[in-house]
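*Asks:* sharing a model that was predicted from the sequence below.
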Amino acid sequence: MVSHLPFKWSVRIYFEDTDSGGVVYHSNYLKFMERARTEWLRSLDLNQADLKKKDKIMFVVAKVNIDYKKAASFNDELDIETSLDNIGASR
């Protein structure tokens, strides 16, 4: 059973994650979220490569909606929270 409890994962902002002003480039937030999702699945002993190869199961992001509240900058540490809201029908 997949846990519905929130999973927290931290990421440090490196210079490579920022623009010339030292602010995180907007699309990098998606990378951070994807890494947190992968770490969440790992914490549940779910290996995405094995699931795809053996069971033909993939976790696909169908929609993303982002409201940026405050810019992150070089050397900040972000706490990313991942949770499962719904398991729906798939194909």
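*Replies:* Great, that's in hand. Numbers count the residues shown, from 1 in each chain.
*Asks:* over to the residue nearest to Phe59 when sequence neighbours are not counted: give its phi and psi.
*Replies:* Spatially, and ignoring its direct neighbours in sequence, Phe59 is nearest to Gln48 (6.6 Å; Cβ to Cβ, 6 or more residues apart in numbering). Using the backbone N, CA and C atoms, a C-beta is placed for each residue, glycine as well. Dihedral pair for Gln48: phi -60, psi -40, per degrees, to the nearest 10.
*Asks:* from Val24, how far out is Gln48?
*Replies:* For Gln48, the distance to Val24 (Cβ to Cβ, to the nearest Å) stands at 25 Å.
*Asks:* more neighbours: those two, which one.
*Replies:* A count of neighbours by other Cβ atoms under 10 Å puts Val24 above the other of Gln48 and Val24, at 21 against 14.
*Asks:* next, Met33: phi, psi?
*Replies:* Backbone geometry at Met33, expressed as degrees, to the nearest 10, gives phi -70, psi -40.
*Asks:* repeat that for the one 5 residues further on.
*Replies:* Its backbone dihedrals place Thr38 at phi -60, psi -40, with angles given as degrees, to the nearest 10.
*Asks:* test my guess that it contacts Gln48.
*Replies:* Yes - counting by Cβ atoms under 8 Å, Thr38 touches Gln48, with 6.8 Å between them.
*Asks:* doesn't Asp50 fall inside a helix?
*Replies:* Yes - assessed by DSSP: H, G, I helix; E, B strand; the rest coil, Asp50 belongs to a helix.
*Asks:* burial count for it?
*Replies:* The tally of other residues near Asp50 (other Cβ under 10 Å) stands at 10.
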